[in-house]
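Q: using only what follows, build the 3D model:
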Amino acid sequence: MLSPKQAAAQCPDFKQIWLNVSQPLDPNIDDIGLAAQDKLLAAWHNQWKSCGAKQDSIFGLLLQRRGVVNSWTNRKKEALHFYEMANAVFSKPHGDTRISSKPKIKFLIGECYLYGNDYIKAESIFEDIVRTKTDKVHRNFQVKSYLKLAYISNSSGDYEKALSALEKGILLANELHDSFAALELSIEKIYSFQKLRRYRESNTIAYAAISLAKNLNRSNELISTYEYLATNYSSVSKTDSALYFYNKVIQICEEQKQKVPVYLYTNMGVMFFSARQYDKALEYYNKSLPLQVDPYHKALVNYDMAMAISKKKEWTKALNYFDRAFRLLNLTSSGSLSTNPPASLMKIAARKQYLLSMVMDKGNTLLNYAKDKNDPGEELKYALKTFMLADTMIDYMRWEHTGKVSKLFWRDITKEMYENAIQTCYLLNDPVSAFHFFEKSRTVLLNDQLNELGANQQLAETDAEKEKVIKQKLINLQNKLGETKPDSKEYAAIRNELFEAQDEQAAFIQKLEKENPQYFAYKYDNRVPTLEEVRANVIPENQTFISYFVGDSAVYGLSITSKTCDLKKISFKEYFRYTQEFQVLLGSRQEQNRQFGKYLAVSNKLYELLLKPFAIQSDRVIISPDGNFLPFESLSFSASKPEFLIRKYAFSYTYSAGFLAKTSRQKNILPTTNSFLGMAPVRFSPKLNQASLPGSEISLETISQHFYFPKRLTKENASRRAFLTELPDYKIIQLLTHASADSSEKEPTLYFADSTLKLSELPASGLSKTQLMVLSACRTGVGKNQKGEGVFSLARGFAGIGIPSTLTTLWSVENKAIYELTELFYKQLDKGIPLDIALQQAQIEWLNTASKGDQLPYSWAGMVLVGNTEPVQTGFAGVGIYIILCTIAVGTVVLIFFLRRRVIYNKEKIKVEILN
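A: All right, here's what the predicted structure looks like:
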């Protein structure tokens, strides 16, 4: 057994440790020095633990230094482990308070999460640092945190948010007289303005940064700023100015006797490419190629060369360069222009965003090649195969998406791909493949909805953690594979690990499909229904389904009937002209009344443009719009008199055919008393600043008469809490209230007597009993018109949580009109007819009985049906009432029989007693 003196002798030299760990690690240290430092720190750490010495701030710094060394040797997981241990030490209330390292250690932990692509955790840590008060010595970590927050926001495409963080960071850096930090923040700010295409502001910051970089003698930062300026000028077609700043970079490199940045000549090539000087672009790409070391960057330069060559219409040569790029990444070895990398290899590849661009541009090249030929058949087929691969890659990216990929990427880049894919289908006369791309273009933005609806909360904590672990595992393995030589044994081993991880993800997704179908639908469901399924489940009653795709240079329409599938190209110029004019006239009674002749002319043009080419034979039409809803029922057959389409067609609307295919009406065998919930707040809390709605409670009373045992909540009883409590239990829900769902950035909101309900606050669980939601409110159907997603509104929110049918309004319909139209709708609903026909008949009845002024489409056409059109029984309608009456009758007979038997029995008993 060791004596206390011997035990103490085993402790390390604390002073020596202090002298080591209290000084910054030498930035020029090599790998051998790092290995020696790691060995020394490990020995001290083990000695400290063995001797049982107090874990004070020096021990915390020792752990922190171990984390730094591991981080510098790219062992991020081990680094995070030591940082977390150090943070635990610094967080303890111990006597040794000479050093307060909490801001620094938190910052280092945040960096670990950032490098591990866990942006959510990293952002949370950096935000905590900037919010927490600290001593002056450690405020520089707040400055650094602002820079990291800006980087995260820029990476996610939220450039405005990045600018906000940068402004705060620069103010703090100036307050601390930290010129270098101010320079770093300014350079990031140049980038943010650049991405927002606010080039003048970006240049102003850049010129100030140049002056500061020169004063600080910071050549690397000067190079970065010159490059940003060159990119800015290139973006506004000022090639000479851009070239001047690129040459400044080359001049600095020559003066400093250092190599030019490996990407410099590539960027100069891109500049000349943008200026349509393709030979000059190729000259600089050829200069760049020898500078590239790793296969990935070589592949990117080959990709750039393919793009420049394709602009010269040297199609075969361009396609060879695409193939060369894929072969450099070990994604194909065929050398055939008609062969694409297999989807299985694309699935395990890292940097999918760049690979997707390569695949899409190869498809575009094949498409343009085909259009340039007299006999384009084979090239068009190859283009279609390539766009199908790009579509598959988008699915993979959606599954891996964690918020890092810019929303602008999803909205703009993928939309362009789908437009070119549909154009290919049009040229091939292949409406079936076109339908696939129509449907997929609708779902590409569902991640946005997932985040905005708060659907992440739909996952149980264990599932959310499992999903995160699987994603991180896949990302790590993909990155590791990308950094490994393809012909090595390690490469094959990592690939096998990746395949196993993907099998694990597939099993997890299958589990989610069963246990959490709503989250599965948003995040992972990529299946497009077949034409047979559309005909069986979407248009079973001889309806016509028409979907529209609005691209940046073309508009297409696709109709499906029980026998036909027809794809049409629509005049892009006329579509935008007439839809814009129509939108202006729609939402204003005064404008419609004053310019009714123009309204008829424009609505007739839209009819001839959007519907007439399809020669519709059925009297029921389902519209899947791309962009804002247009009320097709208010279009006119005639340009000179009001022959509205509503008198011939019953219209309904959907977000996609896939949505309708999955939302069949529940067939309830047993009747229920919970058939109808109606809410009318009438008056609102003063804090909500909403006008009262007199007459809404009277309208609700009238509507309620169509139901047995309706539940009505009016005035103060029509509260937010009451709505959320009752929501899951009723077949039909009627809301007579205000709603805010305009086209601004504000989140759509419903108003109740005491409070509001935002779109993101809708309950996450599916509403199994609710079959129809009627939103008799102002502007519940309009919302942010997002490309790819269509209308994003309260109506979409309710559809997203499982309500198959919603009756909603597109603009601020007047109270009287909305109340009476809603009452007429329920009158038709009583007949047990489909919902679209019920709405059509209600609107026709309105037109037949209304005054001339109220016959304007402004009064009646704002109500539209979204979703499933199957009938919804009102209360005990149909067989339900007969079941109840029969049950009562049988019960009465049984009761009478029982009572008579009881009376007879009692009489007999009395007789027996008398005789005895």
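Q: gap between residue 31 and residue 74?
A: Between residue 31 and residue 74 the distance, using Cβ to Cβ, to the nearest Å, works out to 11 Å. (Glycine included, C-beta is placed from N, CA and C.)
Q: typed the wrong thing, it's residue 22
A: As it turns out, when the distance is counted by Cβ to Cβ, residue 22 lies 25 Å from residue 74.
Q: more crowded one of these two?
A: Per other Cβ atoms under 10 Å, whichever of residue 22 and residue 74 has more neighbours is residue 22, with 13 against 10.
Q: quick one, phi/psi of that one?
A: The phi and psi torsions at residue 22 (degrees, to the nearest 10) take the values phi -80, psi -10.
Q: sec struct for residue 641, please.
A: What DSSP: H, G, I helix; E, B strand; the rest coil gives for residue 641 is coil.
Q: that one: what's it in contact with?
A: Residues in contact with residue 641 (Cβ atoms under 8 Å, 6 or more residues apart in numbering) are residue 600.
Q: how close does it sit to residue 630?
A: Here the distance between residue 641 and residue 630 works out to 21 Å (Cβ to Cβ).
Q: before we move on, what about residue 87?
A: 57 Å.
Q: higher neighbour count, the two?
A: Comparing residue 87 with residue 630 by neighbour count (other Cβ under 10 Å), the higher total belongs to residue 630, at 23 against 20.
Q: thinking that one is in contact with residue 606, fair?
A: Yes - checked against Cβ atoms under 8 Å, the pair residue 630 and residue 606 is within contact range at 7.1 Å.
Q: need the overlap of contacts for those two.
A: Taking Cβ under 8 Å, 6+ apart as the contact rule, residue 630 and residue 606 both touch 579, 582.
Q: ok now do the closest residue to residue 31 other than its chain neighbours, which residues does it touch?
A: Closest residue to residue 31 apart from its sequence neighbours, by Cβ to Cβ, 6 or more residues apart in numbering: residue 73 at 7.5 Å. The contact partners of residue 73, by Cβ under 8 Å, 6+ apart, come to 31, 34, 35, 38.
Q: any idea how far residue 73 lies from residue 46?
A: The separation that residue 73 has from residue 46, given Cβ to Cβ, amounts to 19 Å.
Q: mind giving me the domain split of the protein?
A: For the chain, the domain assignment from automatic domain parsing gives the residue ranges 542-657, 661-867, 885-916.
Q: which stretches of the stretch 401-550 of the chain have low pLDDT?
A: Within the stretch 401-550 of the chain, the ranges that satisfy pLDDT under 70 run 401-412, 443-459, 482-483, 486-487, 513, 517-525.
Q: strands of that one, start to end?
A: Secondary structure of the stretch 401-550 of the chain (DSSP state E, counting those that start in this stretch): strands located at 544-550.
Q: how about the helices in it?
A: Using DSSP state H, counting those that start in this stretch, the helices of the stretch 401-550 of the chain run over residues 407-408, 414-428, 431-443, 446-452, 461-482, 489-515, 517-523, 531-537.
Q: can you lay out these as CSV showing mean neighbour count and distance to residue 618?
A: Converted to CSV, those look like this (neighbours: other Cβ atoms under 10 Å; distance: least, Cβ to Cβ, whole Å):
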stretch, mean neighbour count, distance to residue 618
helix 407-408, 14, 38
helix 414-428, 23, 24
helix 431-443, 23, 18
helix 446-452, 19, 30
helix 461-482, 16, 44
helix 489-515, 14, 34
helix 517-523, 19, 29
helix 531-537, 15, 12
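Q: the helix or strand hosting residue 558 to helix 414-428, inter-axis angle?
A: In the assignment (DSSP states H and E), residue 558 maps to strand 555-560. Taking axes from the mean of the first three to the mean of the last three Cα atoms, to 10 degrees, strand 555-560 and helix 414-428 form an angle of 60 degrees between their directions.
Q: quick one: contacts of strand 555-560?
A: Taking contacts as Cβ under 8 Å, 6+ apart, the residues outside strand 555-560 that touch it are 422, 426, 431, 434-435, 438, 531, 534-535, 538-539, 544-549, 565-572, 575, 610, 613-614, 616, 657.
Q: flag every buried residue along it.
A: 555, 556, 557, 558, 559, 560 (16 or more other Cβ atoms under 10 Å).
Q: what residues are up against residue 18?
A: Contact analysis of residue 18 by Cβ under 8 Å, 6+ apart lists 58, 61.
Q: over to the one 3 residues further on?
A: Residue 21 makes contact with 58, 61, 62, 64, 65 under the criterion Cβ under 8 Å, 6+ apart.
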